[in-house]
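Student: please find the sequence and the predicted model below.
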Amino acid sequence: MKNITIILGDITQVEADAIVNAANTTLLGGGGVDGAIHRAAGPELLAECRTLNGCRTGEAKITKGYRLPARYVIHTPGPIWQGGADHECELLQSSYLNSLKLADAYDCQTVAFPSISTGVYHFPLEAAAPIALQTIREFLRTSKSVAQVTLVCFDPVTKHAYDQSLADLDE
Ligand code: ADP
């Protein structure tokens, strides 16, 4: 049975086949979840990222997980919120979809996401949560390997928004 789970936690501790990193386009590390993933994975992650030549917003690239419990890290730069008229919603959807496609191509059964773009990129949480959940739900209908997706929320406000949005989706 394929499904979506929402938890409160630290994504660097999650045992999944792949965790997703809310990266920036350089893929060379940053603050927030990106910094936490690089610290936990160790310097080998940055060394591999240096070989990737960055990544466009909404696209995704994969590396090994090194010292993380996850086998792979999928790096995707989400959009920076500019007010909503600059394709931010489509780009956020692309970040989730391209990450899921990559996970499926690498035979991952379990994938964990952070709340992409809702930190320093300021995408409004109430708009981001339904985009994330609808994209994941739709993808799971036809996925080959991906069967379990976990949204890892770092604070209770974020978890509440995703819980609410999932309940709305199930109505
Ligand atoms: P972005 O630049 O895409 O907005 P951020 O890292 O600033 O990325 O924030 C994205 C979300 O990730 C925020 O909700 C932030 O609180 C959360 N976050 C930060 N550290 C972690 C972590 N270790 N595990 C899971 N989520 C985290």
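Tutor: That came in fine, so what should we check first?
Student: chain center to stretch 112-121, what's the gap?
Tutor: Here stretch 112-121 is found 7 Å from its chain centre; the criterion is Cα atoms, centre = their mean, to the nearest Å.
Student: now the helices for the chain?
Tutor: Assigned helices in the chain, in chain order: 32-41, 43-50, 88-105, 125-142, 156-170 (criterion: DSSP state H).
Student: save those as CSV, and put in mean neighbour count and mean pLDDT too.
Tutor: For the C-beta atoms, the positions are set from N, CA and C on the backbone; glycine is no exception. CSV is the format used below for the helices of the chain (neighbours: other Cβ atoms under 10 Å; pLDDT from 0 to 100):
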stretch, mean neighbour count, mean pLDDT
helix 32-41, 19, 98
helix 43-50, 16, 98
helix 88-105, 21, 98
helix 125-142, 18, 98
helix 156-170, 15, 96
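Student: nearest to residue 56, of those helices?
Tutor: helix 88-105 (9.4 Å; Cβ to Cβ).
Student: tilt between the closest one and helix 125-142?
Tutor: Here helix 88-105 runs at an angle of 30 degrees relative to helix 125-142 (axes from the mean of the first three to the mean of the last three Cα atoms, to 10 degrees).
Student: can you name the residues of the chain sitting close to the ligand?
Tutor: 10-12, 22, 32-34, 36, 78, 114-121, 152, 154-155, 158 (Cβ under 6 Å from any ligand atom).
Student: what's the closest non-adjacent residue to residue 119?
Tutor: Once flanking residues are discounted, residue 119 sits nearest to residue 32: 4.6 Å by Cβ to Cβ, 6 or more residues apart in numbering.
Student: just residue 114 next, same as before
Tutor: Residue 114's closest residue in space is residue 33 (Cβ to Cβ, 6+ apart), at 4.6 Å.
Student: verify the stated contact: the one you found with residue 22.
Tutor: Yes. Contact status for residue 33 versus residue 22: in contact at 5.1 Å, counting by Cβ atoms under 8 Å.
Student: circling back: from the residues of the chain next to the ligand, list the buried ones, please.
Tutor: 11-12, 22, 32-34, 36, 78, 114-119, 121, 152, 154, 158 (16 or more other Cβ atoms under 10 Å).
Student: out of the helices of the chain, flag the one nearest residue 65.
Tutor: helix 32-41 (6.3 Å).
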